[in-house]
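K.L.:
Okay, structure incoming, though there's no sequence with it:
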């Protein structure tokens, strides 16, 4: 597969990505656990069929010490026993926030209330922002058909 256009060589794409990354850095510096942030990015990327981001975030999670078992089970988190209740709430919020077009009401009150049991208001802002940011990246990469498989942890940092 070949990308439809070169995001890495485009001056406009560089400006766009700079701003998206700026938002991402603020979220990364929040008190939402880094492991939870990676799980959210993996799950949204799986749902959106973004190979590039799925490759990146599974590799980043492994590089940060996440177990292969948990990485492999993100797609089936409901049936897996390896996630905390807080992580499960974040994953549910991620699924509903990513599948907005599929759900008539968007994120349910129940999913929000469950997340609010585990995360304070600033963390909820961070989670909502993270879901929005990763969905932005997923859509950008899917639209241009950014190929997956060559990402190396830390290559952008």
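P.N.:
Good, I have the coordinates. What you are looking at is a predicted structure, and each value in this text was computed from that prediction instead of being measured.
K.L.:
For the rest of this, base every contact and every neighbour count on C-alpha atoms.
P.N.:
Fine.
K.L.:
Now the most centrally placed residue in the chain: which helix or strand?
P.N.:
For the chain, the residue nearest the mean C-alpha position is residue 41 (1.6 Å; Cα atoms, centre = their mean). Secondary structure assigned from DSSP states H and E places residue 41 in helix 34-48.
K.L.:
Then residue 72?
P.N.:
Residue 72 belongs to helix 68-73, assigned by DSSP H and E.
K.L.:
Quick one: list the elements packing against that helix.
P.N.:
Judged by 3 or more Cα pairs under 8 Å, 6 or more residues apart in numbering; DSSP states H and E, helix 68-73 is in contact with helix 51-63.
K.L.:
Remind me what the helix it packs on packs against, helices and strands.
P.N.:
Using 3+ Cα pairs under 8 Å, 6+ apart: helix 51-63 touches helix 34-48, helix 68-73, helix 121-144.
K.L.:
I figured residue 89 was touching residue 113, is that so?
P.N.:
No - with contacts counted by Cα atoms under 8 Å, residue 89 stays clear of residue 113, the gap being 9.2 Å.
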